[in-house]
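# Sequence plus the predicted model coming up.
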Amino acid sequence: MSFIPAERLRRLPTQFFSALAQKAAMRVRDGHDVINLGQGNPDLPTPPHIVEALRQAVLDPATHRYPPFSGLPALKLAVVNWYNRRFGVALDPESEVAILFGGKAGLIEISECLLNPGDRCLVPDPGYPDYWSGVALAGGEMTFMPLRENNAYLPDYSELRAEQLERVKLMFLNYPNNPTAAVADETFFRETVSFASKQGIAVVHDFAYGAIGFDGLRPRSFLQTDGAKNVGIEVYTMSKTYNMAGWRVGFALGNAALISMINLLQDHYYVSLFGAVQRAAVTALLGSDDCIDELVGVYERRRGVIVDGLTEAGWRCPKPGGSFFTWIPVPSGFTSTALADLLLERADVVVAPGVGFGSMGEGYVRLALLAQEDRLAEAVARIRALRLM
Ligand code: PLP
């Protein structure tokens, strides 16, 4: 019997990076010592006190039952407490927080909540490809907002023509940014609130790298901006802050109407996350922030290895302000894919070609700080040995 997938599945974008992952896996299989800096999967373990909290929680049979719909009130309170402590943002745990199966789930769900077929969404270019997937599933269309180096990788709203804004219901932003590693300032977020309220557009600020800022910078939450809650939500995840990518815990926070739409949709998809995982997440959020500071220190030292090493070799390698990525212009004569292929084939170093994040990503590669310093130094040495500069 043959099955024909529904239109919505056929609309999904192709996974650009899966081909690269396959090529890298083949080289590993052939015995090469591959250094994979192409993906965004944190390499360090979850802090032990959080793992211990999970172990304890699993032993309690109460966690084996269905958790309450929309999650544990204690977890909502914990994330509200965390936002207040770190950003001075006040949130109502009942109406302004939704618990997500990781940030990715919420980023997809919000398009399903807001977009009818033919509605439009503003997405950053380059940007995190999951935004495209949610829009495609909902039958929406995208208007790309170019992020240019000479505008600090912030979209310029004045560039958007009236016809590009027709039927726009939703926009995605993400700072600290994947893939460019740029950070946003208060002025930009203020502009965003005013643009979105004028145009009647819901803002989703993806704050996945919200805890990772360098040189003492603490990235701003969009919700710190006056009026932000009127126009949108922030999506936060525990994946990067606490190295909990496999645990799948995230949050949508902010506008109560949008939060209730996400909760409504989730009531149909799921009950909620495993109760033991939720309890461990409470422990993480209410515990000391020392583990976050240590992690940021680790990434900052790794950043030094890549940026200093490549800069000394004549590459232009801007210092990232946040996230765990470096976004590096390719040497002249290369496309981003040609450079990524060459680095894999001749140096066994995997990097992500910028074009995979959108056409404005052409001319750059993204290199993640997700290996120990000695491995990063080895990657730099191998790249330098190619004498491309
Ligand atoms: N947003 C951005 C920009 C990301 O880079 C990622 C993960 O790589 C996510 C969201 C999703 O994170 P998670 O689904 O693990 O919460």
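Cool, the structure landed.

# which parts of the lowest-mean-pLDDT helix or strand in the chain are buried?
In the chain, the helix or strand scored least confidently by mean pLDDT, DSSP states H and E is helix 16-29, which has a mean of 89. Using 16 or more other CB atoms under 10 Å as the burial criterion, the residues of helix 16-29 that qualify are 17, 20, 23-24, 27. Where C-beta positions appear, they are placed from N, C-alpha and C, glycine not excepted.

# And stretch 359-375, by the same measure?
Neighbour-count burial for stretch 359-375, counted by 16+ other CB under 10 Å, picks out 360-371, 375.

# Check stretch 230-241 too.
231-241.

# close to the ligand, is stretch 166-186?
Yes: counting by CB under 6 Å from any ligand atom, the ligand has neighbours in stretch 166-186: 174, 178.

# rewinding a little: would you convert the buried residues of stretch 230-241 into a markdown table that also reports distance to the ligand, secondary structure and pLDDT?
As requested, the buried residues of stretch 230-241 are arranged in a markdown table below (distance: CB to the nearest ligand atom, whole Å; DSSP: H, G, I helix; E, B strand; the rest coil; pLDDT from 0 to 100):
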| residue | distance to the ligand | secondary structure | pLDDT |
| --- | --- | --- | --- |
| 231 | 20 | helix | 98 |
| 232 | 15 | strand | 98 |
| 233 | 14 | strand | 98 |
| 234 | 11 | strand | 98 |
| 235 | 7 | strand | 98 |
| 236 | 8 | strand | 98 |
| 237 | 3 | strand | 98 |
| 238 | 7 | helix | 98 |
| 239 | 3 | helix | 98 |
| 240 | 7 | helix | 98 |
| 241 | 10 | helix | 98 |
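
# which other residues reach the least confident helix or strand of the chain?
With CB atoms under 8 Å, 6 or more residues apart in numbering as the contact definition, helix 16-29 has outside contacts at 34, 36, 38-39, 129, 340-341, 344, 348, 350, 352-353, 355-356.

# packing partners for whichever helix or strand comes after that helix?
Beyond helix 16-29 on the C-terminal side, the first helix or strand identified by DSSP states H and E is strand 35-36. Strand 35-36 is packed against strand 349-350, helix 373-385, with contacts defined by 3 or more CB pairs under 8 Å, 6 or more residues apart in numbering; DSSP states H and E.

# isn't residue 88 right up against residue 224?
Yes: taking contacts as CB atoms under 8 Å, residue 88 lies within contact range of residue 224: 6.9 Å.

# When these two are compared, which one has more neighbours?
Between residue 88 and residue 224, counted using other CB atoms under 10 Å, residue 224 has the larger neighbour count: 14 against 10.

# So that one versus residue 84, what's the distance?
Using CB to CB, to the nearest Å, residue 224 is found at 11 Å from residue 84.

# For the strand or helix carrying residue 81, C-alpha coordinates in PDB please.
Of the helices and strands defined by DSSP H and E, residue 81 is found in helix 73-87. Taking Å, rounded to 0.1, in the frame of the first residue of the first chain, the C-alpha atoms of helix 73-87 are listed here in PDB:
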ATOM      1  CA  PRO A  73       2.500  25.300  38.800                       C
ATOM      2  CA  ALA A  74       5.800  25.100  40.700                       C
ATOM      3  CA  LEU A  75       7.800  25.200  37.400                       C
ATOM      4  CA  LYS A  76       5.900  28.200  36.200                       C
ATOM      5  CA  LEU A  77       6.600  29.900  39.500                       C
ATOM      6  CA  ALA A  78      10.300  29.000  39.200                       C
ATOM      7  CA  VAL A  79      10.700  30.500  35.800                       C
ATOM      8  CA  VAL A  80       8.900  33.600  36.800                       C
ATOM      9  CA  ASN A  81      11.200  33.900  39.800                       C
ATOM     10  CA  TRP A  82      14.200  33.400  37.500                       C
ATOM     11  CA  TYR A  83      13.100  36.100  35.000                       C
ATOM     12  CA  ASN A  84      12.500  38.500  37.900                       C
ATOM     13  CA  ARG A  85      15.900  37.800  39.400                       C
ATOM     14  CA  ARG A  86      17.900  38.000  36.100                       C
ATOM     15  CA  PHE A  87      16.000  40.600  34.200                       C
END
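
# No further questions, thank you.
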